[in-house]
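**Q** take a look and give me a structure for this.
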Amino acid sequence: MTRAKTNILVWSFLLLAGCATTEKSAQPKHWQPSTLSSQTIQSARQASNDYFSCIEHELIRYQYRGGDSRYETGKLLKRCENRLAPIRTAFAKENVDDTITQRYLRRKRTQAARHVLRIIMSMEARQRAANQP
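**A** So this is what the prediction gives:
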């Protein structure tokens, strides 16, 4: 047998041996995408609705006084930040990975920030238009 045939035989044996190994099964304590209970989903939706209603309530009370609209948006959003805590708690009880929880909360914050910034910028534009001769 030549050296090339021996090498091919060895490599194909290693390849077949590597393909025959079994995967490790996931541990049952980890969250699976389809395992959120309806109670957790309801809790997350309720907390999300509570957060957005707090934002709307703060926007109703808000009076534009000038200044940077991004700074004003940040101040307004910080007042309602604690309303997102039940989502983190509900996801932690279901063993949802922390990165997924962070991504979900970041999405909610981003949606709220875009909404608030759009409204504050429209208030700013209205005030500028009213001040022009």
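**Q** not counting its neighbours along the chain, what's nearest Ser69?
**A** Ile120 (4.6 Å; CB to CB, 6 or more residues apart in numbering). Any C-beta I mention is one placed from the backbone N, CA and C, and that applies to glycine too.
**Q** tell me how many other residues surround that neighbour.
**A** Ile120 is flanked by 21 other residues according to other CB atoms under 10 Å.
**Q** same check on Leu117?
**A** 17.
**Q** same question, Asp68
**A** 10.
**Q** give the contact list for Arg128.
**A** With contacts defined as CB atoms under 8 Å, 6 or more residues apart in numbering, Arg128 has no neighbours.
**Q** next, it: secondary structure please.
**A** The three-state assignment at Arg128 reads helix, by DSSP: H, G, I helix; E, B strand; the rest coil.
**Q** equivalent analysis for Tyr64, please.
**A** Following three-state DSSP, the label given to Tyr64 is coil.
**Q** quick check: it touching Ser122?
**A** No - assessed by CB atoms under 8 Å, Tyr64 is found out of contact with Ser122, at 9.6 Å.
**Q** more crowded one of those two?
**A** Between Tyr64 and Ser122, Tyr64 has the larger neighbour count (other CB under 10 Å), namely 15 against 12.
**Q** return the residues in contact with the more buried one.
**A** 72, 120, 123-124, 127.
**Q** now those residues as TSV including distance to Phe52?
**A** Listed next are the contacts of Tyr64 as TSV, based on distance: CB to CB, whole Å:
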residue	distance to Phe52
Glu72	18
Ile120	16
Met123	19
Glu124	22
Gln127	25
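**Q** of these, grab the buried ones for PyMOL.
**A** A single PyMOL command selects the buried members of these (16 or more other CB atoms under 10 Å):
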select buried, resi 72+120+123+124
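**Q** want to throw the contacts of Tyr64 into a markdown table with pLDDT?
**A** Shown next, in a markdown table, are those (pLDDT from 0 to 100):
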| residue | pLDDT |
| --- | --- |
| Glu72 | 89 |
| Ile120 | 91 |
| Met123 | 88 |
| Glu124 | 88 |
| Gln127 | 85 |
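**Q** mind checking which of the contacts of Tyr64 are in helices?
**A** Counting by DSSP state H, the part of those found in helices is 72, 120, 123-124, 127.
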